[in-house]
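# Quick check, what structure comes out for this input:
(3 chains)
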Amino acid sequence: MSSVNKPGGNYLPVIIHGGIAYVSGQLPRRGEDLLYAGKVGAGVDIESAQEAAALCADLCISAINQATGGEDKIVQVLQLVGYIASAPGFTRQSQVMNGASDRLIERLGDRGRHTRTSVGVAELPRGAPVELNMMAAVRA
Amino acid sequence: MSSVNKPGGNYLPVIIHGGIAYVSGQLPRRGEDLLYAGKVGAGVDIESAQEAAALCADLCISAINQATGGEDKIVQVLQLVGYIASAPGFTRQSQVMNGASDRLIERLGDRGRHTRTSVGVAELPRGAPVELNMMAAVRA
Amino acid sequence: MSSVNKPGGNYLPVIIHGGIAYVSGQLPRRGEDLLYAGKVGAGVDIESAQEAAALCADLCISAINQATGGEDKIVQVLQLVGYIASAPGFTRQSQVMNGASDRLIERLGDRGRHTRTSVGVAELPRGAPVELNMMAAVRA
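Numbering: from 1, shown residues only, chains lettered A, B, ... in the order given. Purely as a prediction, here's the structure:
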């Protein structure tokens, strides 16, 4: 279980509108401490990157929960976009993202099933190896 | 016409919620075979990348069709995000993405018109040159 | 204040569906002139990148306004995705994106508050340092 991290800039962690929760990109941190740093395929191995992705998924859920008042308000995770800071030639972004996907299904069951896009990017804020963006259907 | 590819991880190809189809990122593959590989501007030329983008667009449509039961259920393509694996200095991502855009309009007419974001990324899953993410309005 | 730029390809600047405005990725240009070019952390410094991000935010708002008929139709900015063309080792994407976030809040007040994802990418169309994608709730 994770507490909600303060945004790293002038924005909100979550907005709920029309039954959809829009969640800001989550980095693998606890409070101000980034728990993983570096490029996947270089300083960060796949297993660590999967843990980082799972932590980002936890943080997305925590952010939604704080806005809605409880995890039972999540109707369905809809969309996940995972950005993986990738060393040159690293092409196993999907495998990394399974860390996030497995965690969501483990925690939320079928409500945690989602669509997903995994991409490999050059750099992420603060040198994080993974950043996760989520949209989910929620009820009042 | 393309059949629907199995997701490359623990996620769903499409979720429909509130009249919106969220489609997972599509790579230019048929079944398990990636049909295009490499960086655009290096191993992959613009024309091939446009074909790859068009195939990804076809695969998005096929995924929606399988979920809804038919192409006439697509009300409007809303948003396309195209990730182009780019060689250093390659900045013609928009030209590549016209391959996807033209295909959507060719197949769906005005219902295929969409908003679009094209970005150049470092690496894509399995070494694909193009990955496409789509949201579309659909009716029951 | 910015006028609306013509799309750089076969797509629409904005689609409104179900009370949501989907805005195409905006580059920091006026008409056909790209006002900023290069990688942040190399040819482009943070202050210039923040100005570029603010211009992209203005262009998103202008595009929505043209589609709706007026800025008072914007109910709430929902989601911002900022792509920052990043020199190797540049990890202050969030700081760059505050240029866009501050501008939105300055112009729209609480209606301009939003969720945000900032990523560092390899290359952007035409060599732009920043590209911005937006979703916003609007009313008829």
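# elements contacting the lengthiest helix in chain A?
If you go by DSSP state H, chain A has its longest helix at helix A:46-68. Packing contacts for helix A:46-68, counted by 3 or more CB pairs under 8 Å, 6 or more residues apart in numbering or on different chains; DSSP states H and E, involve strand A:14-17, strand A:20-26, strand A:74-85, helix A:93-108, strand A:130-138. C-beta: built from backbone N, CA, C; applies to glycine.
# helices or strands up against the longest one?
Looking back up the chat, that one is helix A:93-108. Against helix A:93-108 (3+ CB pairs under 8 Å, 6+ apart) you get helix A:46-68, strand A:74-85, strand A:115-121, strand A:130-138.
# tilt between the last one and strand B:130-138?
Right, strand A:130-138. Between strand A:130-138 and strand B:130-138, the angle comes out at 10 degrees (axes from the mean of the first three to the mean of the last three CA atoms, to 10 degrees).
# And for the second one?
On the basis of the same axes, to 10 degrees, strand A:74-85 is oriented at 160 degrees to strand B:130-138.
# Likewise for the first one?
Here helix A:46-68 runs at 30 degrees with respect to strand B:130-138, directions being taken by the same axes, to 10 degrees.
# roughly how far is helix A:46-68 from the heart of the chain?
Distance of helix A:46-68 from its chain centroid, counting by CA atoms, centre = their mean, to the nearest Å, is 5 Å.
# What are the buried residues along it?
A:48-65, A:67-68 (16 or more other CB atoms under 10 Å in any protein chain shown).
# Quick one: name the residues of chain A near chain C.
A:7-15, A:17-18, A:22-25, A:81, A:83, A:85, A:121-127, A:131, A:133 (CB under 8 Å from any CB of the partner chain).
# Can you select the buried ones from those in PyMOL?
Buried subset of the residues of chain A next to chain C, written as a PyMOL selection, criterion 16+ other CB under 10 Å:
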select buried, chain A and resi 7+8+9+10+11+12+13+14+15+17+22+23+24+25+81+83+85+121+122+123+124+125+126+127+131+133
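# how many neighbours does A:Glu106 have?
11 (other CB atoms under 10 Å in any protein chain shown).
# how many neighbours does the nearest residue to it once chain neighbours are set aside have?
Nearest residue to A:Glu106, sequence neighbours excluded (CB to CB, 6 or more residues apart in numbering or on different chains): A:Gly112, at 7.5 Å. When counting by other CB under 10 Å, one arrives at 20 neighbours for A:Gly112.
# show me what contacts A:Gly112?
Taking CB atoms under 8 Å, 6 or more residues apart in numbering or on different chains, we find A:Gly112 in contact with A:Val77, A:Leu104, A:Ile105, A:Glu106.
# do A:Leu27 as well
A:Leu27 touches A:Asn5, A:Gly8, A:Leu34, A:Cys56, A:Leu124, A:Pro125, A:Arg126, A:Ala128, A:Val130, A:Glu131, counting by CB under 8 Å, 6+ apart.
# go with 6 Å
Shown in contact with A:Leu27 (CB atoms under 6 Å, 6 or more residues apart in numbering or on different chains): A:Ala128, A:Glu131.
# coming back round to it: need the contacts of A:Gly112 in a markdown table (columns: pLDDT).
Listed next are the contacts of A:Gly112 as a markdown table, based on pLDDT from 0 to 100:
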| residue | pLDDT |
| --- | --- |
| A:Val77 | 98 |
| A:Leu104 | 98 |
| A:Ile105 | 97 |
| A:Glu106 | 97 |
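# Can you read off the pLDDT for the nearest residue to A:Gly25 once chain neighbours are set aside?
Excluding its sequence neighbours, the residue lying closest to A:Gly25 (CB to CB, 6+ apart) is C:Thr117, at 3.2 Å. At C:Thr117, the model reports a pLDDT of 98.
# give the contact list for C:Thr117.
A:Gly25, A:Asn133, C:Val81.
# wouldn't the last one be in contact with C:Asn133 here?
To tie it back to what came earlier, the one meant is C:Val81. Yes. A contact is recorded between C:Val81 and C:Asn133 when judged using CB atoms under 6 Å, the distance being 4.4 Å.
# The longest helix of chain A vs strand A:20-26, what angle?
Going by the same axes, to 10 degrees, helix A:46-68 makes 140 degrees with strand A:20-26.
# and helix A:46-68, what's its mean pLDDT?
On average, helix A:46-68 scores 98.
# Show me the contact partners of it.
Residues contacting helix A:46-68 (CB under 6 Å, 6+ apart): A:2, A:4, A:13-14, A:16, A:21, A:23, A:26, A:28, A:36, A:40, A:71, A:95-97, A:99-100, A:103-104, A:129-130, A:132, A:134, A:136, A:138.
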